[in-house]
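Undergrad: requesting a structural model of the entry that follows:
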Amino acid sequence: MADVVSELPPSRPPSVAEPGSDIRAGTPVPHFEVIELLFFAYRAFIGGPDRILADYGFGRAHHRVLHFVSRNPGMSVTELLEVLKITKQSLGRVLKQLVDTGFIEQRPGPADRRQRLLYATAAGRSLAGELAGLQSDLISKALQGLPPSAEHDTRRFLAALAAMEDRGAPPTRNDDEDGGDDAS
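TA: The predicted model follows:
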């Protein structure tokens, strides 16, 4: 497998800062390379889905809503707001577009008819699956040639990073379920 870092564009002009120092105050910042790799990885991770979503006039917010509603049929609007950590107003426009274009449907709750439960339609599940497929293939390719523990370690790293701000990251699976071990 090729060295990913060597294939990336230069991260900064040489005169900006010395490696390992904070641009602002000369404070040690040992993770510039990881920060930059996260930027490049995110760009690669969302690039394919962004191109597909653009064909529908959708963006990343639509993708997130479609993803979580498809994965959690019958979730309430309130639950979705909690997962995404956005305001009702921010969700409103995106959800309206997805409902109006037939990708998501809203149904009243069984006990409280005012409650709105969200379901992806067949078209919504298909689009969500296509986007997840692209991202899953990308993850599989990135894991090729790495040690067997790489996926487990990646999950632990990303879960720990997400937990730093408790941004609604899904709970991590029990390590025994995916064959990983916690001996580190």
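
Undergrad: and P148, which of the three is it?
TA: coil (DSSP: H, G, I helix; E, B strand; the rest coil).

Undergrad: just give me the neighbour total for it.
TA: Neighbours of P148 under the rule other C-beta atoms under 10 Å: 10. (Each C-beta comes from the backbone N, C-alpha and C, glycine too.)

Undergrad: over to A150?
TA: Based on other C-beta under 10 Å, the number of other residues close to A150 is 13.

Undergrad: which residues touch it?
TA: Applying C-beta atoms under 8 Å, 6 or more residues apart in numbering, we find A150 in contact with L143.

Undergrad: and L117, that's in a strand?
TA: Yes - counting by three-state DSSP, L117 is found in a strand.

Undergrad: what's across from it in the sheet?
TA: S76, R107 (DSSP bridges).

Undergrad: how many neighbours does it have?
TA: Neighbours of L117 (other C-beta under 10 Å): 17.

Undergrad: centre-most residue in this structure?
TA: The structure's the chain has its C-alpha centroid closest to R64; by C-alpha atoms, centre = their mean the separation is 7.5 Å.

Undergrad: where do the strands sit along this protein?
TA: Assigned by DSSP state E, the chain shows strands spanning 75-76, 104-108, 116-120.

Undergrad: so which of the ones you listed is the most surrounded?
TA: strand 116-120 (a mean of 20; mean count of other C-beta atoms under 10 Å).

Undergrad: would you map the helices across the chain?
TA: For the chain, the helices defined by DSSP state H cover 32-56, 60-71, 77-84, 88-100, 122-143, 150-163.

Undergrad: mean pLDDT and distance to R107 added to the ones you listed, as CSV?
TA: CSV is the format used below for the helices of the chain (pLDDT from 0 to 100; distance: least, C-beta to C-beta, whole Å):
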stretch, mean pLDDT, distance to R107
helix 32-56, 95, 23
helix 60-71, 97, 12
helix 77-84, 94, 11
helix 88-100, 96, 11
helix 122-143, 97, 14
helix 150-163, 93, 30
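
Undergrad: make a markdown table out of those and add distance to R116.
TA: Listed next are these as a markdown table, based on distance: least, C-beta to C-beta, whole Å:
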| stretch | distance to R116 |
| --- | --- |
| helix 32-56 | 22 |
| helix 60-71 | 11 |
| helix 77-84 | 5 |
| helix 88-100 | 9 |
| helix 122-143 | 15 |
| helix 150-163 | 27 |
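
Undergrad: deepest of these, which one?
TA: Scoring these by mean count of other C-beta under 10 Å, the most buried comes out as helix 60-71, with a mean of 20.

Undergrad: give me the helices and strands touching that helix, please.
TA: Contact partners of helix 60-71 among helices and strands, from 3 or more C-beta pairs under 8 Å, 6 or more residues apart in numbering; DSSP states H and E: helix 32-56, helix 77-84, helix 88-100, strand 104-108, strand 116-120, helix 122-143.

Undergrad: let's see 6 Å
TA: Packing partners of helix 60-71 (3 or more C-beta pairs under 6 Å, 6 or more residues apart in numbering; DSSP states H and E): helix 88-100, strand 116-120, helix 122-143.
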